[in-house]
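Peer 1: sequence first, predicted coordinates after that:
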Amino acid sequence: MLRNFRSVFKSNRTPMAAVMGVVLLGMVAYLAPSQGGTTPDSVVARVYGREVLFRELSELTGRYAEMMRKQFGGQMPAESLHQFAQSQALQELVRARLMDELVERYGVTYTDAEIRSALERRLRAQGPELAGLFDANGHIKPFTELEKAYRIEPLKAYLRQEEANAKKMLQGEKLLRRAALQVPIDEAWVNQEHRIREERVTFESISLKADPSLVQDPGDASLAAFLKQSGSRFEEGPRRVLQVASVDRAAMGDLKVDDAALKQAYEQKKSSLSQPAQVKARHILFQATDEATLAEALKKATALRAKLVKGGDFAKIAEEESQDPSAKGNGGDLGWFSKDRMVPEFSAAAFAMKEGEISQPVKTQFGIHLIKLEGKKAEQITPFEQVKEQLRGELEQSRFETKAKDRLEALRKRAGNGDLASGAKALGIKLEVLAPFSQGETTVPGLPAGSPLLGQAFSLKVGEVGKPVNTGTAWAVARVQQELPVAVPPLADIRAKVLAAWKLEEAKKALVAKVQAQLKGGDLKALGELKAEENIVPKGYAPAASPAIRQALLATAEGQLTPALWTAESQLWIARITKRTAAPALDFEARRKLVAEIQDEEANRRLEAELRHLDAEGRLHAGFSSFWGRFKGIYLNEDLKKPLLGAEE
């Protein structure tokens, strides 16, 4: 048979070669990263065969960036903020795909009915304002009915997103339960945890802080020996060395702007410098969700208007009659607003009215309104002289940025992906070579805090020159000159870190020796003022975050001192047990609940460990193109991330 196969293969060599060629080309096309420009469906990552699309990364990056703008305002350069937001978004998306991998490995399944139930639970938890989404049996109404009642275009998208969130929530719950059932619980574990949670211990304690400032610098010889003895404790990497070429305003010479340019800029920006027309109004709302309630609301509004035009107190009646919750306490006052602040129907009516006039009933998506106009302001244009200096600053800054970027682009063109030194010298650009630093460091000597170059440093390839970026006080480009492998750096590179660790270790040794000497007489008060703790559940006691301290509180006999132990805050803690009250006996239901809680807590820890392992293991298998990302690894398409980084430039 083998002989026959070989003869057939030989006789059909040309067509077989063609077939194999097509198969090979298909595999290359399947495995290779996307090319030919970035589209919403371009793949930015593959995580164990699950794709992360550019669309998802861009959308989540935008949400993170908006949150960070609100938090940091203008304190963080725009590009640095955007890069950090993208990094956080990518981490979240990769973690979500890793969670999907765990869901599959644990064999988690769910039905449409379970997803619907989870969605209903999620919507109910958001408050009574969503009660209208549910029917008399507590189930979500058919969407066709909801769409007709609410007349809200985004409702479908909102429910679709909430359904996706509910599905994720259900996945997480089922995954946790599946993992929890694999945690074996014995009697000793349950009894120990019951004691930790319920046994009351009264004790007096003291916490003493080690003071490294009292320890002198021992010199390089001692620090080098300490570093050698520390093994991989100070291991870092990979670390990168950057060449940074920068141009500040002082290097650009005269950037002055004449009055003609200022007036031209003023004319171009006049519309944005003006304050739009505004009105001041009050309103009374009668809510309506369908044709029946709409007719009833219109009837009420018509009758009430007749009463108001005869001289009724609009503000008082608004507080009594309006179904807008904000009307209670402010008489329906909307303050001053421009046309774009309200829904179109409301704005059109309000801006067409005269001061003091009460409108006919106005229909919007919220129901029926009566509006009373209390004031009008015409559009106001800011005078040139008032914004002249502001425009001057903006134009001078714009000129600086244009000239700086042009000079740095000339340097990039001159250098290609080669050394920047000769080009920087020829163009009169300042050049620095930074000390090696690791990814994630927020402060690097030679760079301002939060510099976008910190994020760019590890997105570039070794030897590659990045795009010009705004560092806050200057514009700069960076070239990755070298990448140092994972290793313990030389003492000179991390001396400050090693010295701090040395001082803390020595301060701890000195404090332990002092405590041991003072406790020889058994008097805890010799150490200082004691803190009395009564009826403390050990697990709820802050220092008991340390398992050793929790164990000491349980194991030490009444009247005895616990061992001296270190807290997470590097404080030496010691206590004398003055009274102990045993935990109450467990009944069947309490034991069942405790076992479930222990299993859930342990399952959470195990799942987190599995996620970290999947992440670490996956990043070892980036492999050729995205091959491993299709199967058992994590592939990140750095080329497709770069267009997103420049999206806001």
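Peer 2: Structure received. Numbering: from 1, shown residues only.

Peer 1: show the end-to-end separation of stretch 325-339, please.
Peer 2: Chord length of stretch 325-339, first to last residue, is 22 Å (C-alpha to C-alpha, to the nearest Å).

Peer 1: what comes up buried for that stretch?
Peer 2: Across stretch 325-339, burial judged by 16 or more other C-beta atoms under 10 Å covers 327, 331-334, 337. For glycine as for every other residue, the C-beta is placed from the backbone atoms N, C-alpha and C.

Peer 1: ranges for the strands of the stretch 1-150 of the chain?
Peer 2: Along the stretch 1-150 of the chain, counting by DSSP state E, counting those that start in this stretch, strands occupy 43-47, 50-53.

Peer 1: what's the nearest residue to residue 93 if we skip its chain neighbours?
Peer 2: Nearest non-adjacent residue to residue 93, counting by C-beta to C-beta, 6 or more residues apart in numbering: residue 52, 4.8 Å away.

Peer 1: domains for this structure, by residue range?
Peer 2: What automatic domain parsing lists as the domains of the chain is 2-106+619-645, 112-180, 200-230+492-581, 239-257+389-487, 277-378.

Peer 1: out of those domains, nearest to residue 595?
Peer 2: domain 112-180 (9.6 Å; C-beta to C-beta).

Peer 1: from the buried residues of stretch 325-339, which land in helices?
Peer 2: Residues of the buried residues of stretch 325-339 located in helices (DSSP state H): none.

Peer 1: switch the residues you listed over to JSON lines; also include distance to residue 99.
Peer 2: Shown next, in JSON lines, are the buried residues of stretch 325-339 (distance: C-beta to C-beta, whole Å):
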{"residue": "327", "distance to residue 99": "45"}
{"residue": "331", "distance to residue 99": "51"}
{"residue": "332", "distance to residue 99": "48"}
{"residue": "333", "distance to residue 99": "48"}
{"residue": "334", "distance to residue 99": "45"}
{"residue": "337", "distance to residue 99": "44"}
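
Peer 1: and those, which is closest to residue 600?
Peer 2: Nearest to residue 600 among the buried residues of stretch 325-339, counting by C-beta to C-beta, is residue 327 at 46.0 Å.

Peer 1: against residue 283, how distant is the residue lying closest to the closest one once chain neighbours are set aside?
Peer 2: Among residues not flanking residue 327 along the chain, residue 318 sits closest, at 5.0 Å (C-beta to C-beta, 6+ apart). In this view, residue 318 and residue 283 are 7 Å apart by C-beta to C-beta, to the nearest Å.

Peer 1: what do the two both touch?
Peer 2: Taking C-beta atoms under 8 Å, 6 or more residues apart in numbering as the contact rule, residue 318 and residue 283 both touch 327, 332.

Peer 1: for stretch 334-341, give the mean pLDDT please.
Peer 2: The pLDDT scores in stretch 334-341 average 89.

Peer 1: next one: stretch 133-144
Peer 2: Averaging pLDDT along stretch 133-144 yields 79.

Peer 1: one step back: out of the strands of the stretch 1-150 of the chain, flag the one nearest residue 360.
Peer 2: Closest of the strands of the stretch 1-150 of the chain to residue 360 is strand 50-53, at 49.9 Å (criterion: C-beta to C-beta).

Peer 1: can you point out the buried residues in stretch 363-377?
Peer 2: Judged by neighbour count (16+ other C-beta under 10 Å), stretch 363-377 contains these buried residues: 363-364, 366-374, 376.

Peer 1: wait, which of those residues is closest to residue 546?
Peer 2: Of all the buried residues of stretch 363-377, residue 366 has the smallest distance to residue 546: 55.7 Å, by C-beta to C-beta.

Peer 1: wait, that closest one touches residue 285, no?
Peer 2: Yes. Between residue 366 and residue 285 there is a contact under C-beta atoms under 8 Å: 6.3 Å.

Peer 1: find residues that contact each of the two.
Peer 2: Listed contacts common to residue 366 and residue 285 are nil; contacts here mean C-beta under 8 Å, 6+ apart.

Peer 1: quick revisit: just the ones of the buried residues of stretch 325-339 in strands?
Peer 2: If you go by DSSP state E, these have 333-334, 337 in strands.

Peer 1: now whatever helix or strand residue 591 lives in: mean pLDDT?
Peer 2: According to DSSP states H and E, residue 591 maps onto helix 588-619. Across helix 588-619, pLDDT averages out at 92.

Peer 1: OK, contacts around residue 411?
Peer 2: Applying C-beta under 8 Å, 6+ apart to residue 411 gives the contacts 245, 420, 423-424, 427, 429, 477.

Peer 1: could these go into JSON lines alongside secondary structure, neighbour count and pLDDT?
Peer 2: JSON lines is the format used below for those (DSSP: H, G, I helix; E, B strand; the rest coil; neighbours: other C-beta atoms under 10 Å; pLDDT from 0 to 100):
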{"residue": "245", "secondary structure": "strand", "neighbour count": "26", "pLDDT": "94"}
{"residue": "420", "secondary structure": "coil", "neighbour count": "23", "pLDDT": "94"}
{"residue": "423", "secondary structure": "helix", "neighbour count": "20", "pLDDT": "92"}
{"residue": "424", "secondary structure": "helix", "neighbour count": "23", "pLDDT": "92"}
{"residue": "427", "secondary structure": "helix", "neighbour count": "16", "pLDDT": "91"}
{"residue": "429", "secondary structure": "coil", "neighbour count": "20", "pLDDT": "93"}
{"residue": "477", "secondary structure": "strand", "neighbour count": "26", "pLDDT": "93"}
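
Peer 1: which pair of those spans the longest distance?
Peer 2: Using C-beta to C-beta, those span at most 11.5 Å, a distance reached by 427 and 477.

Peer 1: sorry, back to before: of the contacts of residue 411, which is the nearest to residue 87?
Peer 2: The closest of those to residue 87 turns out to be residue 477 (C-beta to C-beta; 20.4 Å).

Peer 1: thinking the closest one is in contact with residue 470, fair?
Peer 2: No. The criterion here is C-beta under 8 Å, and residue 477 misses it with residue 470 at 11.4 Å.

Peer 1: give me the common contacts of these two.
Peer 2: Common contact partners of residue 477 and residue 470 (C-beta under 8 Å, 6+ apart): none.

Peer 1: double-check that residue 363 belongs to a strand.
Peer 2: Yes. Assigned with DSSP: H, G, I helix; E, B strand; the rest coil, residue 363 falls within a strand.

Peer 1: what's the closest non-adjacent residue to it?
Peer 2: Distance criterion C-beta to C-beta, 6+ apart; nearest residue to residue 363, sequence neighbours excluded, is residue 345 at 6.5 Å.

Peer 1: what does residue 171 give?
Peer 2: The shortest distance from residue 171 to any non-neighbouring residue, by C-beta to C-beta, 6+ apart, is to residue 103 (5.3 Å).
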